[in-house]
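In: Below are the sequence and a predicted model for it; my questions follow.
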Amino acid sequence: MRFAFICVVALAVAPAWADEVVASNGEDSVRLSDQPCTSQKVLDRLPPNLRVLVHEATAEVQGQLFKACWVIDGDVAHLLYEDGDQGLVPLSDFRMPDDPRLRRAGLDV
């Protein structure tokens, strides 16, 4: 089973996001974009009225890259993967890609 992140980020942080944020756990990471979802495989799984709500995402898990879409669900990011898998990702664990805390952790994102 694919590694699922559980991320809890305050909704107040969301408006401050500039294009992308990243959450990481060791070598695994999830990258959320504020751009609309472009994965037709994910969009085909959603009712038409929900398709406008999802945004672009990618996850790198055990060296594999997965395309996904995401939407805020309470205080978590709900990820919808192309293969139908889903996950919850911590919102408070997300950082801007140039955040020095990511560099100190040895991540070059």
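Out: Everything's here; your move.
In: Work out which residue lies at the spatial centre of this structure.
Out: Within the chain, the residue whose C-alpha comes closest to the C-alpha centroid is L32; the distance, by C-alpha atoms, centre = their mean, is 3.8 Å.
In: per-residue confidence at that one?
Out: The confidence metric pLDDT takes the value 95 at L32.
In: next one: V8
Out: As summarised for this prediction, V8 has a pLDDT of 28.
In: if we can go back for a sec, please list all residues in contact with the residue nearest to the centre of the chain.
Out: Residues near L32 by C-beta atoms under 8 Å, 6 or more residues apart in numbering: 17, 20-23, 55-57, 70, 77, 89, 94. Quick note: C-beta positions are derived from backbone N, CA and C, even for glycine.
In: ok, now W70?
Out: 32, 37, 54-57, 77-80, 89.
In: Lowest-confidence entry in those residues?
Out: The member of the contacts of W70 with the lowest pLDDT is V89, at 83.
In: now the helices for this protein?
Out: Counting by DSSP state H, the chain has these helices, from start to end: 40-43, 48-51, 100-104.
In: now, which of the contacts of W70 lie within strands?
Out: When DSSP state E defines the strands, the subset of the contacts of W70 inside them is 32, 55-57, 77-80, 89.
In: Would you convert the residues you listed into JSON lines that also reports distance to K41?
Out: Shown next, in JSON lines, are the ones in strands among the contacts of W70 (distance: C-beta to C-beta, whole Å):
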{"residue": "L32", "distance to K41": "18"}
{"residue": "H55", "distance to K41": "15"}
{"residue": "E56", "distance to K41": "13"}
{"residue": "A57", "distance to K41": "13"}
{"residue": "A77", "distance to K41": "19"}
{"residue": "H78", "distance to K41": "17"}
{"residue": "L79", "distance to K41": "14"}
{"residue": "L80", "distance to K41": "10"}
{"residue": "V89", "distance to K41": "19"}
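In: Of those residues, just say which sits nearest to L46.
Out: Looking at those and their distance to L46, the nearest is L80, at 7.5 Å (C-beta to C-beta).
In: Was I right to think that closest one contacts Q86?
Out: Yes: at 5.7 Å, L80 and Q86 qualify as touching, with contact defined as C-beta atoms under 8 Å.
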